[in-house]
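Chemist: have a look at this fold, sequence not included:
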């Protein structure tokens, strides 16, 4: 059973939202690559359009756009995903994942390209509760 944790970045608000998808919705992502555009209808975000920007596998190794396929490789990196050094000219051999989503990927990073009607942070049930006025019990009211 596949399960992915989606980290959805919203450039408009500058916030990220986490959503867990499993089973049928998760199978939709298998075989997609970094840079692919996906529609939100396939995982309960109607009206939204997203771009896959990266991810990580079950050991925490990051996905890198320039490594083809669903693989894990040790590559010599100068800069970009998988590095943290600040000095110029430093090259390090690091383990990274390829750019294709497969069953061992656990986290997928998405960027919102087109917004839908439903806000990202709230499921549909919470929206209905937020619109209804909340009643305060009689004994809690202050006179």
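Modeler: Yes, it's here. Keep in mind it's a predicted model, so treat the numbers as computed, not measured.

Chemist: and what about residue 119, helix, strand or coil?
Modeler: Using DSSP: H, G, I helix; E, B strand; the rest coil, the structure places residue 119 in coil.

Chemist: what's the neighbour count on it?
Modeler: 14 (other C-beta atoms under 10 Å). Bear in mind the C-beta positions are built from the backbone N, C-alpha and C, glycine included.

Chemist: residue 27 too?
Modeler: Neighbours of residue 27 using other C-beta under 10 Å come to 15.

Chemist: pretty sure it contacts residue 2?
Modeler: Yes - in this structure, residue 27 is within contact of residue 2 by C-beta atoms under 8 Å, at 6.3 Å.

Chemist: my read: residue 19 touches residue 8, true?
Modeler: Yes - Residue 19 is within contact range of residue 8, at 6.4 Å (criterion: C-beta under 8 Å).

Chemist: joint contacts of those two?
Modeler: Between them, residue 19 and residue 8 share no contacting residue under C-beta atoms under 8 Å, 6 or more residues apart in numbering.

Chemist: close enough to count as contact, residue 101 and residue 70?
Modeler: Yes - contact criterion C-beta under 8 Å: residue 101 and residue 70 qualify, at 7.4 Å.

Chemist: the two - which one has more neighbours?
Modeler: Here residue 101 and residue 70 are compared on neighbour count by other C-beta under 10 Å; more neighbours surround residue 101, at 25 against 19.
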